[in-house]
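Novice: got a predicted structure here, sequence first:
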Amino acid sequence: MKILIKNAKIVNENQILESDLLIENDLIIKIEKHISEKNIDQIIDASGKYLLPGIIDDQVHFREPGLTWKGDIESESRAAIAGGVTSFMEQPNTVPNAVTQELLEEKYKIAAEKSFANYSFMMGGTNDNLEEVLKTNPRNVAGIKLFLGSSTGNMLVDNPETLEKIFSSTKMLIAVHCEDEATIKKNTEIFKDKYGDDIPVKFHHLIRSEEACYISSSKAIELAKKTGARLHIFHVSTAKETELFRNDIPLKDKKITAEVCVHHLTFTNEDYETKGNFIKWNPAVKTEKDKNGLWEALLDNRIDVIATDHAPHTLEEKSQKYLLAPSGGPLVQHSLNIMLENFKNGKISLEKIVEKMCHNPAILFQIEKRGYIKENYKADLVLVDLNDSYTVSKENILYKCGWSPLERTTFHSKITHTFVNGNLVFENGKIADKKHGERLLFER
């Protein structure tokens, strides 16, 4: 199968070049100004459009197995490719939790049959599964995930000895959710005393506070420095935490890295008034000052990666009172659009978006042959039209849960084509029937 993309503006490695690109089977085989090839199966005229590497989302919750009324690998990966996300890394707090090698491999088997996008699954660490953690294969598993604060599907790791053993025993990347449990419990009780069981959601950022995040992140970093562990901190949500990260060395040499999620770059605590539990995440969306601090750290390279923490729940679950409503929301279909809107508003360049959503996840996780537009790399690609617009509505949301915190938002760009392993899987709103996702491999 040969596909020729003509006249694209290719965004790659900090530059934009107008060029043709030839895909053969699953690989990019030629990038040249004018390609005149014989026996082409399909020609796509990309005049005026931008060609990006496929987005790599390093943190999603696709809810399978065990929680599939909220979402599943098929439904959420379909939404992902419609949003230009061609590879994802899924978290272990499914049911049962992915905390043995056998349970982890079960998820890979499901994805091999059901995933529209490329996939990897994190191995979950607990207070008592060190032996299983150490069996994890660095070649075909993204990393180890630890919850240092309880969140949806409680997998809290709070034994200091266990933590130190995991940090000092594995050479694999350890990704962490950092919130201090004692601080959250103390804050919850303060608000319970005042409001009983009906705490207004606007206080979520004061319950899961800056202090809760900073205490946990700084402890994790201290432990990583002590043990030499390779640490990646998920969903940094406060300006204060950004002071813990450095930008004076290249990403490939960093032992401690950070991720920010699109919701923390988009919403603030002021939005709880209108959006309520639909923007209730852990860690919480915080203040305007925090949002601005995250943007600053993203642009000066203290924060390395942009992701979603895509975590669907049903409308019914989210419509409960604050204490009962689960944290998390669906984002994977709209993350690239959110960032393209920020480009349109002058906050970030296209080159920087590609760096943070494509190149850097590939570097950070050492993903084999993905994340760049290069010859002999996998043809995971996204074509975007920056002169078209659409409004998010129930009719065009592909999440199984059927809602988005971005409903009624108009985006002034459109994803027109998505390629996964050389296959055109999404074209102008239509999704191909066949699934072409592959298991990610890592150069370790």
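Specialist: That came through, no problem. Residues are numbered from 1 along each chain as shown.

Novice: residues contacting the nearest residue to residue 368 once chain neighbours are set aside?
Specialist: Once flanking residues are discounted, residue 368 sits nearest to residue 441: 4.3 Å by C-beta to C-beta, 6 or more residues apart in numbering. Where you see a C-beta, it was placed from the backbone N, CA and C, and this is true even at glycine. For residue 441, the contacting residues are 139-140, 367-368, by C-beta atoms under 8 Å, 6 or more residues apart in numbering.

Novice: quick check: closest non-adjacent residue to residue 277.
Specialist: Closest to residue 277 by C-beta to C-beta, 6+ apart is residue 325, at 4.1 Å.

Novice: need the contacts of residue 441 in a markdown table with pLDDT, neighbour count and distance to residue 39, can you?
Specialist: A markdown table is the format used below for those (pLDDT from 0 to 100; neighbours: other C-beta atoms under 10 Å; distance: C-beta to C-beta, whole Å):
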| residue | pLDDT | neighbour count | distance to residue 39 |
| --- | --- | --- | --- |
| 139 | 98 | 11 | 36 |
| 140 | 98 | 16 | 35 |
| 367 | 98 | 23 | 31 |
| 368 | 98 | 16 | 29 |
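
Novice: who's in contact with residue 359?
Specialist: Counted by C-beta under 8 Å, 6+ apart, residue 359 has contacts 13, 53, 371-372.

Novice: so where's the stretch 151-300 of the chain shaky on pLDDT?
Specialist: Residue ranges of the stretch 151-300 of the chain with pLDDT under 70: 151-154.

Novice: helices of that one, residue ranges please.
Specialist: 160-169, 181-195, 204-207, 210-227, 239-242, 262-266, 272-275, 288-299 (DSSP state H, counting those that start in this stretch).

Novice: nearest to residue 111, of the ones you listed?
Specialist: helix 262-266 (23.2 Å; C-beta to C-beta).

Novice: can I get the closest one as PDB, trimmed to CA atoms?
Specialist: Presented in PDB, the C-alpha positions along helix 262-266 are these (Å, rounded to 0.1, in the frame of the first residue of the first chain):
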ATOM      1  CA  VAL A 262      -4.600  20.100  29.000                       C
ATOM      2  CA  HIS A 263      -7.300  20.800  31.700                       C
ATOM      3  CA  HIS A 264      -4.800  22.400  34.000                       C
ATOM      4  CA  LEU A 265      -3.700  24.700  31.100                       C
ATOM      5  CA  THR A 266      -7.400  25.500  30.300                       C
END
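
Novice: by contact count, what packs against that helix?
Specialist: Here helix 262-266 touches helix 288-299, strand 305-307, helix 335-344, going by 3 or more C-beta pairs under 8 Å, 6 or more residues apart in numbering; DSSP states H and E.

Novice: OK, contacts around the nearest residue to residue 356 once chain neighbours are set aside?
Specialist: Sequence neighbours aside, residue 306 is the residue nearest to residue 356 in space, at 4.5 Å (criterion: C-beta to C-beta, 6+ apart). Residues counted as contacts of residue 306 (C-beta under 8 Å, 6+ apart) are 259-262, 265, 298, 335, 339, 353, 356-357.

Novice: wait, residue 325 sits on residue 282?
Specialist: No: using C-beta atoms under 8 Å as the test, residue 325 is too far from residue 282 to be in contact (11.6 Å).

Novice: more neighbours: those two, which one.
Specialist: residue 282 (23 against 19; other C-beta atoms under 10 Å).

Novice: ok, that one to residue 167 distance?
Specialist: Going from residue 282 to residue 167 by C-beta to C-beta, to the nearest Å gives 22 Å.

Novice: got it, and residue 273?
Specialist: Using C-beta to C-beta, one gets 41 Å for the distance from residue 273 to residue 167.

Novice: surely residue 316 is in a helix?
Specialist: Yes: checked against DSSP: H, G, I helix; E, B strand; the rest coil, residue 316 lies within a helix.

Novice: all numbers from here: first residue = 790
Specialist: In the new numbering, first residue 790, that becomes residue 1105.

Novice: how many residues are close by it?
Specialist: By other C-beta under 10 Å, 10 other residues sit near residue 1105.

Novice: thinking again about what came up before, dump the contacts of residue 1230 to JSON lines, plus secondary structure and distance to residue 1206.
Specialist: Putting those into JSON lines (DSSP: H, G, I helix; E, B strand; the rest coil; distance: C-beta to C-beta, whole Å) gives the following:
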{"residue": "928", "secondary structure": "coil", "distance to residue 1206": "31"}
{"residue": "929", "secondary structure": "coil", "distance to residue 1206": "29"}
{"residue": "1156", "secondary structure": "strand", "distance to residue 1206": "22"}
{"residue": "1157", "secondary structure": "coil", "distance to residue 1206": "24"}
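
Novice: which single one of these is nearest to residue 796?
Specialist: The closest of the contacts of residue 1230, once distances to residue 796 are taken by C-beta to C-beta, is residue 1156, at 28.7 Å.

Novice: surely that closest one touches residue 876?
Specialist: Yes: between residue 1156 and residue 876 there is a contact under C-beta under 8 Å: 7.4 Å.

Novice: who touches both of the two?
Specialist: 845, 1150, 1229.
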